[in-house]
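Student: Give me a 3D structure for the following:
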Amino acid sequence: MRSAAPFPTTAAEWFAARRRPQDSSFEARFSQWLAENPRNVEEYALCELTWSLSATAAEGLQSEMHARPWYRNRAVAGAAAAAFVVMVALAAFWAMPPAPMTLYTGPGEQRTIALADGTQLTMNTRSNIEVRMSRSKREVRIFDGEVFFAVAKDPSRPFLVETALGTARAVGTRFNVLADSAHVEVATEEGKVWVSTSSDASAGVMATAGLRATLLRGGSGPVLDKADLSRVENWRARRLEFDNVPLDTALKEFSRYTDIPIRPATQEIGQIPVSAVLKVGDMNALRATLKGAFGLTVIANAKEWLVVASN
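Tutor: Next comes the predicted model:
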């Protein structure tokens with residue numbers, strides 16, 4: 001049995017295909033393609049504009065030449081002028097910077113986004129990013145949060161991840177970026193990632209598979225050490241694993257996935273070492289673990305959850 005033809009992928013292909021009768025599923029996919037990126041709407045509108053101007057110019061040329069042969073030169077000039085307008089419109093359109101796409105996740109939310117080039121982004125909880133794709137490069141700006149990148153290979157267009165402290169540059173690889181205003185961690189699972197500060201892109205380090213590059217606010221440059229890839233794998237599986245870490249540290253990580261923060265009531269409670277595996281946001285499991293292993297209770301007030309010693 002003959003397989004169905006694939007859907008178009010560019011504005012020009014969509015425009016050509018829609019000049020023929022299509023079924024409702026085709027039009028539904030077309031609407032989905034338009035919604036994927038503001039740039040798609042702009043490119044398709046330009047195809048319609050170009051077609052309209054070209055058709056008008058050709059129609060005017062043909063009618064004038066048949067009606068008044070002596071008008072041939074003027075009609076040709078008019079058609080040339082219309083074509084020039086189309087060319088100017090095209091040049092102006094491609095000179096425009098690509099429209100960015102802003103994405104975010106709320107507490108406990110994770111999202112996977114497929115970009116037009118085949119790259120996949122998986123956003124962790126409380127993340128805010130901006131994506132900008134152009135003919136010369138691919139850029140993602142992380143304002144805050146954590147993103148795992150599976151980058152499609154395209155040597156002609158480097159893949160750049162910008163943060164407040166520095167940049168990660170890759171061509172085709174898999175890596176994780178955790179960023180906030182004070183520090184950035186780039187952990188490479190596969191391939192190579194060049195990590196540099198915002199002030200000097202040429203001075204940096206190459207984070208190969210299994211290594212992590214860390215940038216600190218006020219630091220002199222990125223520092224390499226072993227990557228904790230199990231942590232990256234765990235968050236992508238919506239799982240938290242703690243191995244003999246202070247309870248305060250574990251609660252801060254757990255709080256990234258909840259609407260209300262959780263903290264120890266005292267410094268002494270915060271220093272209790274904890275080993276546990278929890279599902280992100282699972283308050284019942286957290287309560288049971290703290291109660292059964294440490295004799296601690298979680299109580300709530302209007303602004304936060306407090307971990308206290310049981311009576």
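Student: Next, the distance between the ends of stretch 15-28.
Tutor: Distance across stretch 15-28, first residue to last, is 14 Å (CA to CA, to the nearest Å).
Student: now that stretch: how far from the chain's centre is it?
Tutor: How far stretch 15-28 lies from its chain's middle: 29 Å, per CA atoms, centre = their mean, to the nearest Å.
Student: before we move on, what about stretch 202-215?
Tutor: With CA atoms, centre = their mean, you get 21 Å for stretch 202-215.
Student: Check stretch 174-182 too.
Tutor: 12 Å.
Student: in that stretch, what counts as buried?
Tutor: R174, F175, N176, V177, L178, A179, D180 (16 or more other CB atoms under 10 Å). Glycine gets a C-beta too; all of them are placed from N, C-alpha and C.
Student: Now render those as CSV, adding secondary structure and pLDDT.
Tutor: Putting these into CSV (DSSP: H, G, I helix; E, B strand; the rest coil; pLDDT from 0 to 100) gives the following:
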residue, secondary structure, pLDDT
R174, strand, 97
F175, strand, 98
N176, strand, 98
V177, strand, 98
L178, strand, 97
A179, strand, 96
D180, coil, 93
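Student: And those, which is closest to A227?
Tutor: N176 (8.1 Å; CB to CB).
Student: quick one: contacts for the closest one?
Tutor: E146, V147, F148, F149, E185, V186, A187, E189, V232 (CB atoms under 8 Å, 6 or more residues apart in numbering).
Student: Surely the third one and I129 touch.
Tutor: No. Contact status for F148 versus I129: not in contact, 11.9 Å apart, counting by CB atoms under 8 Å.
Student: any residues in contact with both of the two?
Tutor: If you check F148 and I129 against CB under 8 Å, 6+ apart, the residues they both contact are L121.
Student: Comparing the two, which residue is more hemmed in?
Tutor: Using other CB atoms under 10 Å, the more surrounded residue of F148 and I129 is I129, with 26 against 22.
Student: you'd agree F254 is in a strand?
Tutor: No. Counting by DSSP: H, G, I helix; E, B strand; the rest coil, F254 is not part of a strand but helix.
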